[in-house]
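Asker: coords below, sequence missing:
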């Protein structure tokens, strides 16, 4: 009889605990299921958005930068509309643009966009030389909020006497400030960084210009689009008095490989070249600062709409940032959607959709029959001038994974 009493007591203890545990597991499972569903929705939406940019552009490359799609405001807005359309499909919500909406208008509104306005504080279209933010904006009449596309925000950085305009590749701009010589005020130097060491740049500068008796930096800029030479010319003629390590590490003539995306030392540690390290850090900061401001503004809209969720920029690790600014990309931030059955559980994340079409230099693989050695070449390599290559790679990592080695002629 005593054993039966203990069994009853044990059951009385275990049953409530098991019920509580089951409820917790069910609650967590429900939240995870909703989180997976929302993640899949925004991943698909961002992929469709970037695919729309490629499809609508028709690969009509921008003449200024070369093999780069020029993302105009209309194209960015078309991409964002595609994003919301896919979100609507995944949520089984009819998507219908309002009668007053036009793609080239400042403001677009629809039932679906108004529905997601509470949960999507910002969508970012990252283009080659700037980015657009699609976010909630206060109407001029006051009180009414609706989505609005910003003008293109350039990747510019104030470096003393010059403002540097970066891109997603090796192209940069230099804008002079009023403090400079009158002959240079407002002058825009533009070109592409091509040298991979200071010695190489100095040698190229001496060979191309000093032999012709040209020393004026303005004359140099008129004769070349190589930003490596332009920057060195301005630096050597004391026209640049700011910290030029943001462009080229002039303070270290021994540095080699500062233009490399990635380089590995003898210990196997991978680092980023100086130019791309500075470029990525500055572009990341410009975008994140703008996003922080826009998302903070979204909290004003949330207060008016009676939303208690506090919107903020999610923590984005360095690898995700680098993936975002490596190519034309669509970034979407989705926050505050209730998930699961537990009160106070919300979704807070972001999604990236990249095009992989902006890379400044594709690599071309070729296998040589006489040696059976597979090599990857840069586009201007004379060994593939006749178009005799078999594979195209996005980066060195992809080429190496396929068993290709660097051509020593074009990858010095």
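Answerer: Structure received. Owing to the predicted nature of the structure, the values given are computational and were not obtained by experimental measurement.
Asker: for the helix or strand hosting residue 89, packing partners?
Answerer: Assigned by DSSP states H and E, residue 89 falls within helix 73-90. Applying 3 or more CB pairs under 8 Å, 6 or more residues apart in numbering; DSSP states H and E, we find helix 73-90 packed against helix 2-57, helix 111-116, strand 122-126, strand 130-138, strand 145-149, strand 329-338. In short, each C-beta sits where N, CA and C put it, glycine included.
Asker: Let me know the angle separating it from strand 122-126.
Answerer: Counting by axes from the mean of the first three to the mean of the last three CA atoms, to 10 degrees, helix 73-90 lies at 130 degrees to strand 122-126.
Asker: could you give the angle of helix 73-90 to strand 329-338?
Answerer: Using the same axes, to 10 degrees: helix 73-90 against strand 329-338 is 40 degrees.
Asker: Identify each buried residue in helix 73-90, please.
Answerer: Buried residues in helix 73-90, counted by 16 or more other CB atoms under 10 Å: 73, 75-89.
Asker: Please apply the same query to stretch 295-302.
Answerer: So, applying 16+ other CB under 10 Å, buried residues of stretch 295-302: 295, 297-299, 301-302.
Asker: now swap in stretch 42-53 and tell me
Answerer: Buried residues in stretch 42-53 (16+ other CB under 10 Å): 42-50, 52-53.
Asker: can you list those residues in JSON lines and add distance to residue 239 and pLDDT?
Answerer: Shown next, in JSON lines, are the buried residues of stretch 42-53 (distance: CB to CB, whole Å; pLDDT from 0 to 100):
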{"residue": "42", "distance to residue 239": "47", "pLDDT": "81"}
{"residue": "43", "distance to residue 239": "48", "pLDDT": "81"}
{"residue": "44", "distance to residue 239": "50", "pLDDT": "84"}
{"residue": "45", "distance to residue 239": "48", "pLDDT": "85"}
{"residue": "46", "distance to residue 239": "43", "pLDDT": "85"}
{"residue": "47", "distance to residue 239": "46", "pLDDT": "85"}
{"residue": "48", "distance to residue 239": "47", "pLDDT": "86"}
{"residue": "49", "distance to residue 239": "43", "pLDDT": "87"}
{"residue": "50", "distance to residue 239": "40", "pLDDT": "84"}
{"residue": "52", "distance to residue 239": "44", "pLDDT": "84"}
{"residue": "53", "distance to residue 239": "38", "pLDDT": "83"}
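Asker: so which of those comes closest to residue 134?
Answerer: residue 49 (10.4 Å; CB to CB).
Asker: Check which helices and strands the host helix or strand of residue 302 is in contact with.
Answerer: Here residue 302 sits within helix 274-304, counting by DSSP H and E. For helix 274-304, the elements it packs on are strand 122-126, strand 130-138, strand 153-159, strand 162-166, helix 318-324, strand 329-338, judged by 3+ CB pairs under 8 Å, 6+ apart.
Asker: and the angle for the fourth one with strand 153-159?
Answerer: In this case it means strand 162-166. Using the same axes, to 10 degrees: strand 162-166 against strand 153-159 is 140 degrees.
Asker: contact partners of whatever helix or strand comes next after strand 162-166?
Answerer: Going down the chain from strand 162-166, the next helix or strand is strand 171-176, by DSSP H and E. Contacting residues not belonging to strand 171-176 are listed as 65, 128-129, 156, 161-166, 184-193, 227, 230-231, 234, 247, 360 [CB atoms under 8 Å, 6 or more residues apart in numbering].
Asker: Packing partners of the next helix or strand after strand 171-176?
Answerer: The element immediately downstream of strand 171-176 (helix or strand, assigned by DSSP H and E) is strand 188-192. Contacting strand 188-192 under the criterion 3+ CB pairs under 8 Å, 6+ apart are the following elements: strand 171-176, helix 227-236.
Asker: Swap in 10 Å and give it another go.
Answerer: strand 162-166, strand 171-176, helix 217-223, helix 227-236 (3 or more CB pairs under 10 Å, 6 or more residues apart in numbering; DSSP states H and E).
Asker: Of all the ones you listed, which one is nearest residue 389?
Answerer: Closest among those, once you apply CB to CB, is strand 171-176, at 24.7 Å.
Asker: what's the next secondary structure element after the helix or strand bottoming out on mean pLDDT in the chain?
Answerer: Least confident element among the helices and strands of the chain, by mean pLDDT, DSSP states H and E: strand 346-354 (a mean of 58). The helix or strand immediately downstream of strand 346-354 is strand 363-368, counting by DSSP H and E.
Asker: Each with direction, which strands does that following strand pair with?
Answerer: Note on strand 363-368: by DSSP bridges, its sheet partners are strand 373-377 (antiparallel), strand 391-393 (antiparallel).
Asker: So what touches the first one?
Answerer: For strand 373-377, the surrounding residues in contact (CB atoms under 10 Å, 6 or more residues apart in numbering) are 362-368, 381, 383-385, 389-393, 395-396, 398-400, 402-411.
Asker: Out of these, which end up buried?
Answerer: 362-366, 381, 384, 389, 393, 395-396, 399, 404, 406-407, 410.
Asker: Identify, from those residues, the entry nearest to residue 310.
Answerer: When the buried ones among the contacts of strand 373-377 are compared for distance to residue 310 (CB to CB), residue 395 wins out at 38.9 Å.
Asker: Tell me which residues touch residue 201, please.
Answerer: By CB under 10 Å, 6+ apart, the neighbours of residue 201 are 193-195, 226, 228-229, 231-233, 248, 250, 253.
Asker: which of these count as buried?
Answerer: Applying 16+ other CB under 10 Å to the contacts of residue 201, the neighbour count classes 193-195, 226, 228-229, 231-233, 248, 250 as buried.
Asker: want to try JSON lines for those residues, with pLDDT and distance to residue 217 as columns?
Answerer: JSON lines is the format used below for the buried ones among the contacts of residue 201 (pLDDT from 0 to 100; distance: CB to CB, whole Å):
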{"residue": "193", "pLDDT": "87", "distance to residue 217": "16"}
{"residue": "194", "pLDDT": "83", "distance to residue 217": "18"}
{"residue": "195", "pLDDT": "81", "distance to residue 217": "17"}
{"residue": "226", "pLDDT": "89", "distance to residue 217": "13"}
{"residue": "228", "pLDDT": "89", "distance to residue 217": "13"}
{"residue": "229", "pLDDT": "90", "distance to residue 217": "10"}
{"residue": "231", "pLDDT": "89", "distance to residue 217": "10"}
{"residue": "232", "pLDDT": "89", "distance to residue 217": "9"}
{"residue": "233", "pLDDT": "88", "distance to residue 217": "4"}
{"residue": "248", "pLDDT": "83", "distance to residue 217": "14"}
{"residue": "250", "pLDDT": "76", "distance to residue 217": "14"}
